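Asks: Need a 3D model of the sequence below.
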Amino acid sequence: MIIADVNTQPGRKFPARRWGRNIAGGPSPIQAKNFQSGYIVLEPNGGQVPWHNQVQEEVYFIVEGEAEICLGEERQILKAGQAAYIPTGVYHQLSNNLKDKPTTFIYIYGPAGDVAHWHQELDGTLPKAGVEAPALPAGSYPQCTDKPQA
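Replies: Below is the predicted model:
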């Protein structure tokens, strides 16, 4: 039996104020071919997965807290116990809208493998909303495009 423990494995911190650990794929002992999954913590007051798109289809499941999801031209709040489906190629962003508590969620996408936006964020090269990428829906949290600190 192969078991992944997000409490003991190494994780990654991202400039947009989130950290994550793989459940399946990446450095996790679980290596699935058809999907990848991870556990993410968004820091309070705007920690996010910035505006991006990808070739994989994906699901975000909110475990604790709540977050604003922008998906294409739509924007709404997801709460604990809710999941959102993200079709292939559609720009999306998830931002913690709680001022004093983190939001945790699980992502699942397929097929497995790295996604470009992780590298773009870590390199400071994410396409900017409304410039190199479609604009975010009106009233949404601004996209974090901060360059990583040296």
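Asks: helices and strands around the helix or strand hosting S37, which ones?
Replies: Here S37, judged by DSSP states H and E, is contained in strand 36-42. Using 3 or more C-beta pairs under 8 Å, 6 or more residues apart in numbering; DSSP states H and E, the elements in contact with strand 36-42 are strand 18-24, strand 48-52, strand 92-96, strand 103-110. Every C-beta, even on glycine, is put in place using the N, C-alpha and C of the backbone.
Asks: now the longest one against strand 36-42, angle please.
Replies: The one in question is strand 103-110. Compare the direction of strand 103-110 with that of strand 36-42 by axes from the mean of the first three to the mean of the last three C-alpha atoms, to 10 degrees and you get 160 degrees.
Asks: buried ones in the following helix or strand past strand 103-110?
Replies: Next helix or strand after strand 103-110 toward the C-terminus (DSSP H and E): helix 116-123. When burial is assessed from 16 or more other C-beta atoms under 10 Å, helix 116-123 yields the following buried residues: H117, W118, E121.
Asks: what do you get for stretch 93-106?
Replies: Q93, L94, S95, N96, N97, L98, P102, T103, T104, F105, I106.
Asks: my guess is the last one meets Y39, correct?
Replies: The one in question is I106. Yes - the criterion here is C-beta atoms under 8 Å, and I106 meets it with Y39 at 5.8 Å.
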